[in-house]
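Q: need a structure here:
(chains A and B)
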Amino acid sequence: MNYICALSLTPVLLWSVALYGVAAASVWAWAAASALLCQAALDAASRKLSVLDGSSLVTGLLVATVMPPGAAWYMPVAASAFAIVVARGLFGGYGKNWMNPALAGAAFAFANWPEAMRSYLMPRALSGVDGLSGVSPIGMIRDLDAFGPVGAMEALRQLGYPLSAADGAVTGFLNDVLFLPLGARLPEGYADLMLGLKPGALGDGALIAVLAGSVLLLSLRSIKWRIPLFALVPFVLLARAFGLGLSSEGFMQGDVLFALSGGGVVLASFFMATDPVCSPVRRGAQAAYGLIIGVLFYVFRRLGAFADGAVYAILIANVLCPSLERRLPELARFFKPRGSA
Amino acid sequence: MKNMRGLSRGGVELPRRAPFTHQGIENAYLPIQARVPVPSSFEGRDPGVLVSEGQELREGQLIARADGKGSANMHSPIPGFVRRIERKPGRDGRPSSEVLISLAGAFNISGKRQERYIWKSLNTGDILHIIQDKGVVQASSGKPVYELLHGRLEGGHPRLVINALEMDPYRRVEEALLLERRPALIDACDIVAKVLKPRAIYCLVERGLRKDIVEALTAAAAEAELAIEFRAAPRRYPADMPSIAARQLAEAEGADYLPAEWVMLEPSVLLAVHDAVVLNKAHMEQYVYVGGGAINEARVLKARIGSPIGDLIEECGGFKGQAAAIVINDPLCGWAAADLDEAVDKRTRSVIALSPEEAHRAPSRPCVRCGACVDACPEGLEPYMLYKLIAAGRRDEALERGLGRCSSCAACSWSCWSRLPLVTAFDEAKGAAGA
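A: Just a heads-up that it's a prediction; the model follows:
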């Protein structure tokens, strides 16, 4: 199961390495190596073998997904170590942790290096040079009201946010072949967001790669599918109904594509929220758990100080999980007619 | 033949059935020495052993009399003399006796031409008495058939179901019997129908069973003026377990499921009933499928009770490569054979030697709450939670959460990603709670 998860992360990994080169590969490697080493050390101390079950590898990889490309080596290393040793090892190891270790590691990193964790590199394909840093589109869009009522994409363009050649090609192709007969038109810029041609965290980059991984997870039935469903649908509905904070967005005019393509929401709901250990087993509780995550995604995205609210949304849901499992049946009994089981 | 929708919840998809070609059911060689287990009853009492060491026995002679609920008469499967009577812990851990019989003397049943008893003149009480007297036991549940039938007489007209489903990847006994023992099966149905006066007779078969088998059976039943309705179930484990199969059928028929209204009998049991009533033969033979990846040639054999499974395996060409485990009945909820001297008893329907790849042994890991067991459980239980409660010593809470409903089908153990011995723990806890 863990290896399936690790395998499903490989599209994300490969895509980010393609985008950022060594800057990304080094972060993945540091995070994974640190997680495996820490687990090996714990195993040696407790005299059992669990490095090989793949769970530490997945934790390491998930820690890497929230890291910015080109992060200093100590960031992924420390985050992975915190995840494995504190969030999991101290609670009794694999299967006994009460919050997702990867998210705990991520939260640790966000708290320690708030600036460094949010200074993202421009992908090579966008800037033409390596090492140019930028702010992520969501981060940018936060203080945009100066531009008056414009859509997310126009606002980005006005900020001088670059458009890649790939975007032009993809958007043009889609418009000509798919959308023209339907009478619709895709504005430029979205293809960039989908392909990860924007500054962002490693796992945040390519929505397409994340979706490819999630297809793998779902088809091999290794995740509880209700959780991402109940997390993403309310998030999308809320984003559509109330927007993401742009003054141009009236009721029911929110920019859903933009909402989904940033902040690692999709990756978080498929890969992190579905961590079996900290998510409910009962179906009703799974739905409620997903719902909490989805609503918190939206709240943190709309009101929170930073775009990385997904991590905290899931951590809070993790904490609520045991109560959900215990209390929901009592709640359900309330709504059911008397006499039925 | 009508198709059924399948299990309403739970169940697991097992690997495809092991390939098998029917080449007729053969009689296994007679054992030189038969170990006849005399199992204790559900109430913990042994059937009283009636023979003593050194005594000479005829074929089919009564060697132990049923005593109390759940126990059945035992007969000598071979002529000979009692070599030893041993007491040792049985499969359920309770002490039980085992009679060792050495082959000697003449066959007064097998050697003679079979007489057919005109059973139609018997009344219900007589038939029941014969079934009780001949010690006929249902292989799947281990219950005496007499009790299964007797208990249903008061409750009006039950439904009789011939359960020919075999959902584990190996066993082919019931299928082989449908194929090759048609007249006897129809006779047995007639006999049981006379006792039960059922509202309807169903035959549960697997979807995809050869059409000609079903047609031939329907025709033979029509000749005997029996209306057997065939229902085809999709292949999903554990749809063949009696209670689950009955529930599935009840749902398909739009009837409420009341356990007392459904009498589930397998073709193998019906044949034992037939042999007892028509051929005046005690339950001393068992149809056994011998197969698995480590067996040279899989076959269905008709073996005497008490035959060592090693003999049966030898008759099937012996082992192919190394056998990692030898399993009696089925790999999910059967039991492991201690050695090749383990004897065929009234519950044995198959002997499966698993190759190392099939056995696929691996260590268990901690539970990660993936919920696969919850999805697999046909009873709607939460196996992971029961397991944790039992491990924490809170058996009463586990019972409150429905441990008693567990039918030990092992669908949860099969689906567990962490390979936890869930059912083993449940069986132990249930045993401890029952004692």
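
Q: so which strand or helix has the residue in the stretch 151-300 of chain B that chain A sits nearest to?
A: Of all residues in the stretch 151-300 of chain B, residue B:257 sits closest to chain A, at 14.3 Å by C-beta to the nearest C-beta. No exception for glycine: its C-beta is placed from N, CA and C like everyone else's. When secondary structure is defined by DSSP states H and E, residue B:257 falls outside every helix and strand.

Q: can you give me the pLDDT of it?
A: Note for residue B:257: predicted pLDDT of 83.

Q: do residue B:424 as well
A: 89.

Q: so in the chain, which helix runs the longest?
A: All of this is about chain A. Among the elements of type helix in chain A, defined by DSSP state H, the one spanning the most residues is helix A:309-335.

Q: if you could check chain B rather than the one you did, that'd help
A: In chain B, with assignment by DSSP H, the single longest helix is helix B:182-196.

Q: residues in contact with that helix?
A: Defining contact as C-beta atoms under 8 Å, 6 or more residues apart in numbering or on different chains, one finds that helix B:182-196 is touched by B:119, B:124, B:127-128, B:149, B:152-153, B:157-158, B:160, B:162, B:177-178, B:201, B:216-217, B:220-221, B:223-224, B:226, B:228, B:263, B:265, B:267, B:270-271, B:273-275, B:277-278.

Q: just the mean pLDDT for that helix, thanks.
A: The model assigns helix B:182-196 a mean pLDDT of 91.

Q: that helix: which residues count as buried?
A: For helix B:182-196, the neighbour count (16 or more other C-beta atoms under 10 Å in any protein chain shown) marks B:182, B:184-196 as buried.

Q: let me see the contact set for the residue of chain A found nearest chain B.
A: When scored by C-beta to the nearest C-beta, chain A has residue A:95 as its residue closest to chain B, at 3.1 Å. If a contact means C-beta under 8 Å, 6+ apart, then residue A:95 has A:277, B:365-369, B:418 as its contacts.

Q: quick revisit: now do the very next helix or strand once past the longest helix of chain B, average pLDDT.
A: Using DSSP H and E, the next helix or strand after helix B:182-196 towards the C-terminus is strand B:200-206. Strand B:200-206 carries an average pLDDT of 91.

Q: and strand B:200-206, which residues are buried?
A: Going through strand B:200-206 with 16+ other C-beta under 10 Å, the ones that come out buried are B:201-206.

Q: so where do the strands sit in the stretch 201-350 of chain B?
A: Secondary structure of the stretch 201-350 of chain B by DSSP state E, counting those that start in this stretch: the strands cover B:228-233, B:262-265, B:285-291, B:299-304, B:325-328, B:335-336, B:350-354.

Q: let's have those strands in TSV, adding mean neighbour count.
A: As requested, these are arranged in TSV below (neighbours: other C-beta atoms under 10 Å in any protein chain shown):
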stretch	mean neighbour count
strand B:228-233	20
strand B:262-265	24
strand B:285-291	25
strand B:299-304	23
strand B:325-328	21
strand B:335-336	12
strand B:350-354	27
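
Q: quick one: closest of those to residue B:8.
A: Residue B:8 sits nearest to strand B:228-233 of all the strands of the stretch 201-350 of chain B, at 12.2 Å, using C-beta to C-beta.

Q: neighbouring contacts of the closest one?
A: Taking C-beta under 8 Å, 6+ apart as the criterion, the residues outside strand B:228-233 that touch it are B:1-4, B:6, B:162, B:165, B:189, B:200-209, B:214, B:217-218, B:221, B:239, B:245, B:248-249, B:252.

Q: low-confidence stretches in the stretch 201-341 of chain A?
A: The model of the stretch 201-341 of chain A has pLDDT under 70 over residues A:245-253, A:304-308, A:335-341.

Q: just the strands in chain A please.
A: Residue ranges of the strands in chain A, as given by DSSP state E, are A:120-121, A:133-134.

Q: ok so, going back, work out the gap between the longest helix of chain B and the centre of the chain.
A: 19 Å (C-alpha atoms, centre = their mean, to the nearest Å).

Q: same question for stretch B:331-345.
A: Taking C-alpha atoms, centre = their mean, one finds the center of stretch B:331-345 at 13 Å from the center of the full chain.

Q: wouldn't residue B:163 be in contact with residue B:206 here?
A: No: Residue B:163 is not in contact with residue B:206 according to C-beta atoms under 8 Å; the separation is 10.9 Å.

Q: just to revisit the earlier point, least reliable of the strands of chain A by average pLDDT, please.
A: Minimum mean pLDDT among these: strand A:133-134, a mean of 61.

Q: check the contacts of helix B:182-196 for burial and list the buried ones.
A: B:119, B:127-128, B:149, B:152, B:158, B:160, B:162, B:177-178, B:201, B:217, B:220-221, B:226, B:228, B:263, B:265, B:267, B:270-271, B:273-275, B:277-278.

Q: which residues of chain A lie near chain B?
A: Along chain A, the residues adjacent to chain B under the rule C-beta under 8 Å from any C-beta of the partner chain are A:1, A:50, A:53, A:93-96, A:222, A:224, A:276-277, A:279, A:281-282, A:286.

Q: tell me the pLDDT of whichever residue of the stretch 251-400 of chain B sits closest to chain A.
A: Using C-beta to the nearest C-beta, the closest approach of the stretch 251-400 of chain B to chain A is made by residue B:366 at 3.1 Å. The score at residue B:366 is 86. That number is its pLDDT.

Q: quick check: closest non-adjacent residue to it.
A: residue A:95 (3.1 Å; C-beta to C-beta, 6 or more residues apart in numbering or on different chains).

Q: quick one: pLDDT of the one you found?
A: Among the per-residue scores, residue A:95 shows a pLDDT of 83.

Q: ok, residue B:17 next?
A: We have a pLDDT of 86 for residue B:17.

Q: what residues does the closest residue in space to the residue of the stretch 151-300 of chain B closest to chain A that isn't next to it in sequence make contact with?
A: The spatially closest residue to residue B:257, leaving aside those adjacent along the chain, is residue B:250, at 3.9 Å (C-beta to C-beta, 6+ apart). For residue B:250, the contacting residues are B:256-257, B:262, by C-beta under 8 Å, 6+ apart.

Q: recalculate using a threshold of 10 Å.
A: Counting by C-beta atoms under 10 Å, 6 or more residues apart in numbering or on different chains, residue B:250 makes contact with B:159, B:161, B:256-259, B:261-262.

Q: what's the span of stretch B:51-58 from first residue to last?
A: 12 Å (C-alpha to C-alpha, to the nearest Å).

Q: so for it, what gets flagged as buried?
A: In stretch B:51-58, counting by 16+ other C-beta under 10 Å, buried: B:51, B:57-58.

Q: need these in CSV with pLDDT, distance to chain A and secondary structure, can you?
A: Output for the buried residues of stretch B:51-58, formatted as CSV (pLDDT from 0 to 100; distance: C-beta to the nearest C-beta, whole Å; DSSP: H, G, I helix; E, B strand; the rest coil):
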residue, pLDDT, distance to chain A, secondary structure
B:51, 88, 52, coil
B:57, 91, 54, strand
B:58, 90, 56, coil
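
Q: with that, I have no additional questions.
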